[in-house]
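Novice: dropping the sequence and predicted coords here.
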Protein chains: 2
Amino acid sequence: MGELSMAPVHRMLKRAGALRVSEEAAEELRSILEIIGMKISERAIEVAMSAGRRTVRREDVVEAVRVLFPDLRLSKV
Amino acid sequence: MGELSMAPVHRMLKRAGALRVSEEAAEELRSILEIIGMKISERAIEVAMSAGRRTVRREDVVEAVRVLFPDLRLSKV
């Protein structure tokens, strides 16, 4: 754990419209994004390997997200 | 968009076991984590507001994730 830093995650909550954000809320969101990021990464690596590649490509990440979060609408908000 | 920086997201993919990662793959993962982070943030703010609070707390983020990603196992990997 612990790749993402706090400031960008805190800014995310502010940009979404939060007036005030507790440190614990930002820490929770950071932790969740790390978990989701690792789940997507692991799946993307499996996709790449099953295609016989050592390099993870954009398409592998897209496919991982499609499988893990089929309901996610990926329109850039 | 554009809060998260590339290096931590790239490290996430490497830590998950990727031998090589294309720049486009890391960029895609970054973009997806931003979208997911914004969706969680927006919902967490709604939860806080519906409770009559101006401050987003940890419990609001937890509730937002529970609603948005009911299947997500939040065990710290």
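Specialist: Received it, and whenever you're ready, just let me know what you need. Numbering: from 1, shown residues only, chains lettered A, B, ... in the order given.

Novice: wait, residue A:40 sits on residue A:61?
Specialist: Yes: the pair residue A:40 / residue A:61 is scored as a contact, 6.4 Å apart, by CB atoms under 8 Å. C-beta here means a position set from N, CA and C on the backbone, and glycine is covered the same way.

Novice: who's more crowded, those two?
Specialist: Per other CB atoms under 10 Å in any protein chain shown, whichever of residue A:40 and residue A:61 has more neighbours is residue A:61, with 29 against 26.

Novice: which residues of chain A fall in helices?
Specialist: A:6-15, A:23-50, A:58-68 (DSSP state H).

Novice: tell me the angle of the second one relative to helix B:23-50?
Specialist: An angle of 150 degrees separates the directions of helix A:23-50 and helix B:23-50 when computed by axes from the mean of the first three to the mean of the last three CA atoms, to 10 degrees.

Novice: what comes up buried for helix A:23-50?
Specialist: A:25-26, A:28-48 (16 or more other CB atoms under 10 Å in any protein chain shown).

Novice: so which of those residues reach chain B?
Specialist: A:25, A:28-29, A:31-42, A:44-45, A:48 (CB under 8 Å from any CB of the partner chain).

Novice: what sits closest to the most centrally placed residue in chain A if chain neighbours are left out?
Specialist: With distances taken as CA atoms, centre = their mean, residue A:37 lies nearest the centre of chain A, 3.7 Å away. Sequence neighbours aside, residue B:12 is the residue nearest to residue A:37 in space, at 4.7 Å (criterion: CB to CB, 6 or more residues apart in numbering or on different chains).

Novice: let me see the contact set for that neighbour.
Specialist: Applying CB atoms under 8 Å, 6 or more residues apart in numbering or on different chains to residue B:12 gives the contacts A:3, A:34, A:37-38, A:41, B:29.
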